[in-house]
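Q: sequence plus the predicted model coming up.
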Amino acid sequence: MSNYVLASVFVLLLIQLSMIDCRPHTQKIVVHGHEWTVPNESGWEEVLHEAEPIRHRFLTNCGSSRECRLAAERLREIFLKYPVSAKYYDDSLSSDHLPSEMDSVFKWG
């Protein structure tokens, strides 16, 4: 019986230590009143401070699909400029590699 108790305590201790070591996969950053949910990596603040004015000025008020595409293209240029966000942006058009929602930068915006 004591081996069972000792093993149980050991397992519970491991679970608690792994919970302490875990960090959230995402972080919330508020820029000019808009909350962005992005991967928990450093460097996103700079990207979002540059992207937020474009999002606010062009993407939230686009009156036609052409204006929305232009706004999305401007955001694309910003996201591709920074390594932290570029790795989540997939420009491939090949049909054999479809990006998952988790790998897309637009999932995080």
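A: Looks like it arrived, so ask away. Numbers count the residues shown, from 1 in each chain.
Q: in the chain, which spans are strands?
A: Ranges of strands in the chain, per DSSP state E, are 26-31, 34-39.
Q: would CSV of these with mean neighbour count, distance to residue 54 and mean pLDDT be doable?
A: C-beta here means a position set from N, CA and C on the backbone, and glycine is covered the same way. Formatted as CSV, the strands of the chain follow (neighbours: other CB atoms under 10 Å; distance: least, CB to CB, whole Å; pLDDT from 0 to 100):
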stretch, mean neighbour count, distance to residue 54, mean pLDDT
strand 26-31, 14, 11, 86
strand 34-39, 15, 12, 86
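Q: compare those strands and give me the one nearest residue 4.
A: Across those, residue 4 has its closest neighbour in strand 26-31 (38.9 Å, CB to CB).
Q: so how far is that closest one from its chain's centroid?
A: 9 Å (CA atoms, centre = their mean, to the nearest Å).
Q: what's in contact with it?
A: Residues outside strand 26-31 that contact it (CB atoms under 8 Å, 6 or more residues apart in numbering): 35-40, 44-45, 48-49, 52, 108.
Q: identify the bridge partners of the spatially most central residue of the chain.
A: Geometric centre of the chain, nearest residue: residue 38, 2.9 Å, by CA atoms, centre = their mean. For residue 38, the beta-bridge partners under DSSP bridges are residue 27.
Q: output the below-cut-off pLDDT ranges for this protein.
A: Counting by pLDDT under 70, the low-confidence segments of the chain come to 1, 13-14, 16-24, 90-109.
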